[in-house]
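Undergrad: here is a sequence together with a model predicted from it:
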Amino acid sequence: MYVCLCHGVTDRQIRQAAEEGCRSMRQLGKEMGVGRQCGRCASTAREILRECQTEE
Ligand code: FES
């Protein structure tokens, strides 16, 4: 599923980034551009990041 359409980033890619140590939206934005354009993906992306952190 695409989370960020502006940058073509999927939920799987966000999970992977989280596994590799990405902890914040700021970091995610820097690495993949998520949330940097229209911002519509930000809340979903944040949720996925949070999910990944509670799974640890
Ligand atoms: Fe992610 Fe637009 S959908 S910045």
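TA: Received it, and whenever you're ready, just let me know what you need. No experiment lies behind these values; they were computed from the predicted model shown.
Undergrad: what residues are up against the closest residue in space to Cys22 that isn't next to it in sequence?
TA: Distances taken as Cβ to Cβ, 6 or more residues apart in numbering place Leu28 nearest to Cys22, at 5.5 Å, with adjacent residues excluded. C-beta here means a position set from N, CA and C on the backbone, and glycine is covered the same way. Residues counted as contacts of Leu28 (Cβ atoms under 8 Å, 6 or more residues apart in numbering) are Ile14, Ala17, Cys22, Val34, Gly35, Ala45, Leu49.
Undergrad: using the three-state scheme, assign Leu28.
TA: Taking DSSP: H, G, I helix; E, B strand; the rest coil as the rule, one finds Leu28 in the helix state.
Undergrad: part of a strand, is His7?
TA: No: per three-state DSSP, His7 lies outside any strand segment and is coil.
Undergrad: check which residues of stretch 16-36 are buried.
TA: Ala17, Ala18, Cys22, Met25, Leu28, Gly29, Met32, Val34, Gly35, Arg36 (16 or more other Cβ atoms under 10 Å).
Undergrad: is the ligand within reach of the one helix or strand in the chain whose mean pLDDT sits lowest?
TA: Here the helix or strand of the chain ranked lowest by mean pLDDT, DSSP states H and E is helix 42-55, holding a mean of 92. No: taking Cβ under 6 Å from any ligand atom as the criterion, helix 42-55 and the ligand are apart, separated by no less than 7.1 Å.
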